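J.: need a 3D model of the following:
(3 chains)
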Amino acid sequence: MSTLSPTITDFNTGQGGRGSRPPTSFGGGDDGQGSTGPNYGERLRRARLGLAVAITPIVMLFVSFTSAYIVRKGLPTLDETTGNYVRDWLSVNMPWTLLLVNTVILLFSSVTMELARRQITRQAALAPVRSIPGVSVGEERSFPWLNLTTVLGLTFLVGQWLAWKELENRGFYVATSTSSSFVYLLTGMHAIHLIGGIVALMYAAIISWLHRPVEARRIVVDVSAWYWHFMAILWIYIFALLGFAR
Amino acid sequence: MGLALLAVIWLITLASTYFFIAKTWWFPAGLSTAAAGIDHQFTVTFIAMGVVFVAAQLALGYLVWKYRDRGAASSPVEYSHGNIKLEVLWTTLTAILFVGLNLMGSPIWAAERFRPAKADALPVEVTGMQFAWYFRYPGADGKYGRTDPKLMDPSSGNEAAIGLDTADPAAKDDVVTGTMLIPENREVDLTLRAVDVIHSFFVPNMRFKQDAVPGLAIHMHFTPTQIGDYEIACAELCGLGHYKMHGMVKVVSQADFDKWLAEREAAKQ
Amino acid sequence: MATTAPIHAHAAPQGFIRKYIFSLDHKIIGIQYYFLALTSVFVGMFLSLLMRIHLIWPAANLPLIGEIKPETYLSLLTMHGTIMVFFVLTTAPQGGFGNYFLPIQIGAPDMAFPVLNMLSFWTTFLGFVVIIAAFFVSGGAPLHGWTGYTPLSALPSAGPGEQLGADLWVISIAIFCLASLMGALNFITTTLDLRAKGMTLMRMPLTVWSWFITAILGLLAFGVLLSAGILLLLDRNLGTSFYVPLVVVNGQIMGHKGGSPLLWQHLFWFFGHPEVYIAILPGMGVASQILSTFARKPIFGYKAMVYAIMAIGLLGFMVWGHHMFMSGMSPYSAFAFSLMTMSIGVPSAIKTFNWLGTLYKARIRFYTPMLFAIGFVSLFVSGGLSGPFLAQPVLDIPLHDTYFVVGHFHLIMGVAAIFGIFAATYYWFPKMFGRMMHEGMGKLHFWITLVGTYAIFMPMHYLGLAGHPRRYSQLTEVGYLHNLIPLQTFMTYAAFVTIAVQFVFLFNLFWSMFKGPKASDNPWESTTLEWTTATPPPHDNFGGHTPVVNHGPYEYSVPGAPRDFVMQTDPATTRAH
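T.: Numbers count the residues shown, from 1 in each chain, chains lettered A, B, ... in the order given. Next up is the predicted model:
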């Protein structure tokens, strides 16, 4: 077997001998950063794409739980003694009022989250203006929508914990029946994912305190906001599922 | 190197094919009414896949030899991005072959599994547990008596192993054994149960296999066509004793079966 | 969605820890994944060696290990399967080569989210530590098989190893799910958003297509596996009854009621079937890449290959029930799943025809990567053609849970996919480590492994026809198995030889890293972007400039071109597509 011919290095025209061109200037789709700073517009778009991709497996997780729930609910089980199939689905006595209050809190937190997102979007848009020496745009103090959202999120979690306590009072523990297991499973998994969202909000608060560039912080808040809205929609879905498929 | 590849690929292909055709290791005799259909479908699939297997491997070996780089002596490479007509052709043919095979086998599947057991089938309950099979005959009343998990005691075997509630009148004539005795040429209506984990009731000679799942009572049937003793092997991993969870199906004449059952019933009085 | 602007490039790191341990560079992370998979495969291979010895000499007393009890055999096979499927087949092709070469092949300086990439590796590593820990806890490793059917895997009292070992097994898999999802996120975002100018979707190498579609499969499937694992942990530890009905183990009534064992199977296989396509698709991509390169010919039917990858991915989600024909599932569902399963054979066949078409009127150079790619095709045909038997429920009746199935998936996953990994290793080693691997050792490795693996796994089909069930730790109890012991013995000896030659590969790998002859930038005269840059590539992959792509990925032997290959970045004036 002959050895391979050496790579021809002088064939390609163009600079660098590799057939490529130097990068063009940052065109289109950014926030007009010019060629010196990082391209935040592109980074935002990429982060949002990443979030959309990340939400997909979370949806699959809950689709999986839902399918298990629906099928199990309709499935008769074998009575070991007689060999006959019987329906044994036990409806859970849910604390609907408490859960409704929690739902309102979470929906309200979505409103505050959206206000926070828009607030920082405006601030990020004004950042280049602010950086011009001598220019002031006022409004240095602004309402802490982000932190309010965090507080509301924590309140929701406390409320969920209270709902669990109430379920226990009514005799429905995790392993009491398959139906009660699903209630704890669905609400618990949602809560875990919400905690992830709260961690993201806390991270956003920390980097604000550390005075990171507002454009970078805007990306964090933006992505967290969309995730937060998804958590709210997911909760509505779980609430409806537990309500209608009782 | 091309020649070596051709030789080795062809040799492996022909050697493996030889053992398949020679049936050196093969299915055991199929002695149930379902066997003929299943074996026939296997043969058709086997021939079809066998032809494809040999053709593809021989082609691969041939191509890597024929189109080896021979330096200046090589023919020019055919610069081609493909051929739509060919793609359509072989896609269609493959689809027809695969789907066709499937549709051919479907009536056999339907005949075995879409219908319940015949009205005059012999009911037998098969219960799997770590690591033994038990068989229950409902007796003259045709009803399986009550079983209770609380009464289960595997160490005592038979009735106690499946937790038969001897207080239940319907249970009084139930016969429980560790060996499955059934009459030839009569359909058995099996109810498959499992006590602890999933087991699988596999009788190669009957071309029969069905998982026994806890929490389910699965109805299945087969009809043995020849007198003899046939081994049962558990075919779903069930724990450390999975390899020794086997049993026996004894197919006897209807007369012998009736005699045996009567003896067992009498012994219960 | 291609971009000309590089992403926020992180500066080259300083210091050993940032450079090699917690590196954000996809190339280092790819190598880390590769070495994790390499460790895993030798662990998995060792476990299978013990299994093969035990089958033939059940009473043997081995040095250091002692006698292998039946339950130990089952633990060995459980861990062998789990480690091989997850930490080898889902790690090396995707996490290893995909991580290293996806960004380069599309002209990007790194993955979209480098920090997440680093985290995904270390999470995978954590999963590996947890599963190995299962060997060392009280009770040992679980014995319920890599498929973990309930109730066996849900009841701590159902067998030795089913206590803490089984919990660690579930936790390890859950950790692996999270790691894979992180990786999938990166692969998908990178492929969609970071392609260089001119790198349209239909100019991407088939390796990139396979990594991309594999990542989508993972994105959709691993969430379901995670859900299955969560339910299993709840059943095992909090007394819930998702999977477990009222059962009696050894005379003791367990505290569960109303659960469905089939629920686990549905959830597991909804993941499990896409998983096997996750295991093979990257190998198919690599085979296409290497066959084209060393045949000096464009891949036959590039577009058809892309659509076939997509079809396999899509159909892969619709066939999971074919693992459950005997499970007690409705026979009508079985019919539907069976029809879908036969359909999935069609795109696989298309790919095989196209590989053969690539070799037709080619000019084949027999370097080691090419040998493994050719071997891949042969093994894929062999392993694939036993599929249509199992896809038919009537034929599944005698063949389900026998060695026929074991032979089928080993030829496809345990050999063809591994050949894909070997082919990729020999092909990309020069680019990754700047040196050439030894050809002689490579060829020896190829020949013995090809013949050896056929000798081990082809006979499994014969065993299956004869009715030999799988997962039997001994062949002494069931009468009709006695005649099959000679064949099992032959397979064990074949395994000894095949396993031995893997150490030649290991030696070649490490020796060549330090002592191999230095490699040029493009030793194989290949066309894709990784061969346009330095060997090994600089930190940002392209040395400060962004490539511009003018050609498709497999422009070999273009009539009128000055050489027999046109690189993707060659000027547009070069005649090609």
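
J.: in chain A, where is pLDDT below threshold?
T.: Within chain A, the stretches with pLDDT under 70 are A:1-36, A:136-141.

J.: can you show me the strands along it?
T.: A:77-78, A:85-86 (DSSP state E).

J.: same for the first one, what does it pack against?
T.: Put plainly, it is strand A:77-78. Using 3 or more CB pairs under 8 Å, 6 or more residues apart in numbering or on different chains; DSSP states H and E, the elements in contact with strand A:77-78 are strand A:85-86. Backbone N, C-alpha and C define where each C-beta goes, glycine included.

J.: any chance you could list what contacts the strand it packs on?
T.: A:Pro76, A:Thr77, A:Leu78, A:Asp79, B:Ala217 (CB atoms under 8 Å, 6 or more residues apart in numbering or on different chains).

J.: from what I see, the second one and A:Leu90 are in contact.
T.: No. Here A:Thr77 does not reach A:Leu90: they are 11.8 Å apart, not a contact under CB atoms under 8 Å.

J.: ok, the two, which is more surrounded?
T.: Neighbour count, other CB atoms under 10 Å in any protein chain shown: between A:Thr77 and A:Leu90, A:Thr77 has more, with 21 against 13.

J.: any idea how far that one lies from A:Tyr85?
T.: Noted for A:Thr77: a distance of 7 Å to A:Tyr85, by CB to CB, to the nearest Å.

J.: for burial, what's the neighbour tally of the residue nearest to C:Asn186 when sequence neighbours are not counted?
T.: In space, C:Asn186 comes closest to C:Met111 once its chain neighbours are excluded; the distance is 4.8 Å by CB to CB, 6 or more residues apart in numbering or on different chains. Residues lying near C:Met111 (other CB under 10 Å) number 29.

J.: what's the answer for A:Ser64, then?
T.: Neighbour number of A:Ser64 under other CB under 10 Å is 22.

J.: then A:Arg212?
T.: 13.

J.: ditto for C:His80
T.: 21.

J.: list the contacts for the residue lying closest to it once chain neighbours are set aside?
T.: Take C:His80 and drop its neighbours on the chain: the residue closest to it by CB to CB, 6+ apart is C:Leu47, 4.1 Å away. Each residue near C:Leu47 by CB under 8 Å, 6+ apart is listed here: C:Leu76, C:Leu77, C:Met79, C:His80, C:Ile83.

J.: all strands for chain C, in order.
T.: C:61-62, C:66-67, C:248-249, C:252-253.

J.: circling back: deepest of the strands of chain A, which one?
T.: Sort the strands of chain A by mean neighbour count, taking mean count of other CB atoms under 10 Å in any protein chain shown, and strand A:77-78 sits at the top with a mean of 20.

J.: please enumerate residues in contact with that one?
T.: Residues from elsewhere that reach strand A:77-78 (CB under 8 Å, 6+ apart): A:Asn84, A:Tyr85, A:Val86, A:Arg87, A:Asp88, B:Gly215, B:Leu216, B:Ala217, C:Pro245, C:Lys257, C:Gly258.

J.: hang on, isn't the fifth one packed against C:Gly258?
T.: Spelled out, that is A:Asp88. Yes. With contact defined as CB under 8 Å, A:Asp88 reaches C:Gly258; the gap is 5.5 Å.

J.: intersection of neighbour lists for those two?
T.: Counting by CB under 8 Å, 6+ apart, the shared contacts of A:Asp88 and C:Gly258 are A:Thr77, A:Thr178.

J.: which one of the two has more residues nearby?
T.: Between A:Asp88 and C:Gly258, C:Gly258 has the larger neighbour count (other CB under 10 Å), namely 23 against 15.

J.: out of everything not next to it in sequence, what's closest to that one?
T.: A:Thr77 (4.8 Å).

J.: on that earlier part again, what sits against the residue nearest to C:Asn186?
T.: C:Met111 touches C:His26, C:Asn99, C:Leu102, C:Pro103, C:Asn117, C:Asn186, C:Phe187, C:Thr190, C:Leu194, counting by CB under 8 Å, 6+ apart.

J.: same thing with A:Asp79?
T.: A:Tyr85, A:Val86.

J.: for it, give me phi and psi.
T.: Taking degrees, to the nearest 10, you get phi -80, psi 120 for the backbone angles of A:Asp79.

J.: next one: the one 4 residues further on
T.: Listed backbone geometry of A:Gly83 is phi 80, psi 10, with angles given as degrees, to the nearest 10.

J.: that one is in contact with B:Tyr144, isn't it?
T.: Yes. The criterion here is CB under 8 Å, and A:Gly83 meets it with B:Tyr144 at 6.2 Å.

J.: settle it for me: which of those two has more neighbours?
T.: It is B:Tyr144, of A:Gly83 and B:Tyr144, that has more neighbours when counted by other CB under 10 Å, with 23 against 16.

J.: spit out the contact partners of the residue lying closest to that one once chain neighbours are set aside.
T.: Distances taken as CB to CB, 6+ apart put B:Pro138 closest to B:Tyr144, at 4.8 Å, once the chain neighbours are dropped. Neighbouring residues of B:Pro138 by CB under 8 Å, 6+ apart: B:Pro123, B:Glu125, B:Tyr144, B:Gly145, B:Ala170, B:Asp173, B:Asp174.

J.: change it to 7 Å
T.: B:Pro123, B:Tyr144, B:Asp174 (CB atoms under 7 Å, 6 or more residues apart in numbering or on different chains).

J.: the first one in helix, strand or coil?
T.: The assignment at B:Pro123 comes out as strand when based on DSSP: H, G, I helix; E, B strand; the rest coil.

J.: tell me the contacts of it?
T.: B:Pro123 sits next to B:Pro138, B:Asp189 when contact means CB under 7 Å, 6+ apart.

J.: how about B:Val126, phi and psi?
T.: Phi and psi for B:Val126, reported as degrees, to the nearest 10, are phi -110, psi 120.

J.: run the chain-centre distance for the least confident helix or strand in chain B by mean pLDDT.
T.: Ranked by mean pLDDT, DSSP states H and E, the weakest helix or strand in chain B is helix B:158-161, scoring a mean of 88. Here helix B:158-161 is found 27 Å from its chain centre; the criterion is CA atoms, centre = their mean, to the nearest Å.

J.: next: stretch C:326-337.
T.: The chain centre lies 28 Å from the centre of stretch C:326-337; the measure is CA atoms, centre = their mean.

J.: so for it, what gets flagged as buried?
T.: C:Met326, C:Ser327, C:Gly328, C:Met329, C:Ala334, C:Phe335, C:Phe337 (16 or more other CB atoms under 10 Å in any protein chain shown).

J.: which residues sit against it?
T.: Contacts for stretch C:326-337 (CB under 7 Å, 6+ apart): B:106, B:109, B:113-114, B:200, B:209-211, B:213, B:216, B:218, C:262, C:265, C:319, C:321-322, C:325, C:393, C:396, C:400.

J.: could you do stretch C:129-145 as well?
T.: B:237, B:240, C:71, C:74-75, C:77-79, C:81-83, C:152-153, C:159-166, C:168-169, C:171-172, C:175, C:471.

J.: helices - which of those land there?
T.: Of the positions in these, C:71, C:74-75, C:77-79, C:81-82, C:164-166, C:168-169, C:171-172, C:175 sit in helices, assigned by DSSP state H.

J.: can you tell me which of those residues are buried?
T.: Judged by 16+ other CB under 10 Å, buried ones among the ones in helices among the contacts of stretch C:129-145: C:71, C:74-75, C:77-79, C:81-82, C:164-166, C:168-169, C:171-172, C:175.

J.: which secondary structure elements does the host helix or strand of B:Gly247 contact?
T.: Assigned by DSSP states H and E, B:Gly247 falls within strand B:246-252. When contacts are defined as 3 or more CB pairs under 7 Å, 6 or more residues apart in numbering or on different chains; DSSP states H and E, strand B:246-252 sits against strand B:180-183, strand B:228-234.

J.: what pairs with it, parallel or antiparallel?
T.: Neighbouring strands of strand B:246-252 in its sheet, by DSSP bridges, are strand B:180-183 (parallel), strand B:228-234 (antiparallel).
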